[in-house]
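K.L.:
Sharing a sequence plus its predicted fold:
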Amino acid sequence: MKPLSECRLYAFVDAAYLQSRTPREVTQQLCDGGADLIQLRAKNSAPDQIRRMAEAILPLTTRAGVWLVINDHPEIAVETGSLFCHLGQEDFFDAGHTHGSQLTKLAPRLRMGLSTHAPGEAERAIAAGADYIAVGPVYATGTKPAAQPVTLEYVRWAAAHVRIPWFAIGGITLRNLDELLAAGGRRICVVSAILNAPDIVGACQQFRNRLLSAWP
């Protein structure tokens, strides 16, 4: 597995975007396309269903050297050996947690990412021991239609102030990627622009190549 600091492209197996495809099929395509991390996100699925999906795709990500991240359910990450979980602000802080060490009691190797939508949330997440943060939604996104875009202003702030790995997220496409890169983004999360593409492997490769060309 790559060190998190060297990861660029963060892709998703999102149950809302599977269409007629299986999680394993999409996972393999994301791995073949060069994703560095893959998050399993199934907001409307029961924990047992998410666990079965994680167990099905983890052998694929492990063989490809790709981190598997479990959204919302750190206990499933621990049970399946996924090592990474991702939580929203409300899922972590509103649940009474104050530091990531409270989660690592479940498993010492468990690592955590937190969503952030403003500088204050980023600072709070970093102080809480997040291994990485997500910065967004940068643009309007159908994945979270009610969320107000944070715009490139927050991306510029993160580029200037955040020293742990951070990933821009929300409405990122090949059309707006250049302006995101110009604002200082170097790692991205992409959902619909990859999962809705007719060629998932090719879409991943295009995003990855653009990211690598911008890296100093």
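P.N.:
Done, it's in. Values in this document were obtained by computation on a predicted structure and should not be read as measured data. Numbers count the residues shown, from 1 in each chain.

K.L.:
quick one: contacts for the spatially closest residue to residue 33 that is not a sequence neighbour?
P.N.:
Among residues not flanking residue 33 along the chain, residue 204 sits closest, at 2.5 Å (CB to CB, 6 or more residues apart in numbering). Every residue, glycine included, has its C-beta placed from N, CA and C. In this structure, residue 204 makes contact with 9, 11, 29-30, 32-35, 194, judged by CB atoms under 8 Å, 6 or more residues apart in numbering.

K.L.:
Just the buried subset of the residues you listed, please.
P.N.:
Among the contacts of residue 204, those classed as buried by 16 or more other CB atoms under 10 Å are 9, 11, 29-30, 33-35, 194.

K.L.:
State the pair within the residues you listed that is farthest apart.
P.N.:
The widest separation within the buried ones among the contacts of residue 204, taken as CB to CB, falls between 9 and 29 and amounts to 13.1 Å.

K.L.:
quick one: low-confidence parts of the protein?
P.N.:
216 (pLDDT under 70).

K.L.:
Helices of that one, residue ranges please.
P.N.:
Along the chain, the stretches classed as helices by DSSP state H are 23-33, 47-64, 74-80, 89-92, 101-104, 119-127, 151-161, 177-182, 192-195, 200-214.

K.L.:
tilt between the first one and helix 200-214?
P.N.:
It stands for helix 23-33. For helix 23-33 and helix 200-214, the angle between their directions (axes from the mean of the first three to the mean of the last three CA atoms, to 10 degrees) works out to 40 degrees.

K.L.:
Send me helix 23-33 as CSV with only the CA atoms.
P.N.:
Listed in CSV are the C-alpha atoms of helix 23-33, where the atom choice follows Å, rounded to 0.1, in the frame of the first residue of the first chain:
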residue,chain,number,x,y,z
PRO,A,23,-19.6,-3.8,-6.2
ARG,A,24,-16.8,-6.3,-7.2
GLU,A,25,-17.1,-5.3,-10.8
VAL,A,26,-16.9,-1.5,-10.1
THR,A,27,-14.1,-2.1,-7.5
GLN,A,28,-11.9,-3.9,-10.1
GLN,A,29,-12.4,-1.2,-12.6
LEU,A,30,-11.4,1.5,-10.1
CYS,A,31,-8.3,-0.5,-9.2
ASP,A,32,-7.4,-1.0,-12.9
GLY,A,33,-7.8,2.7,-13.5
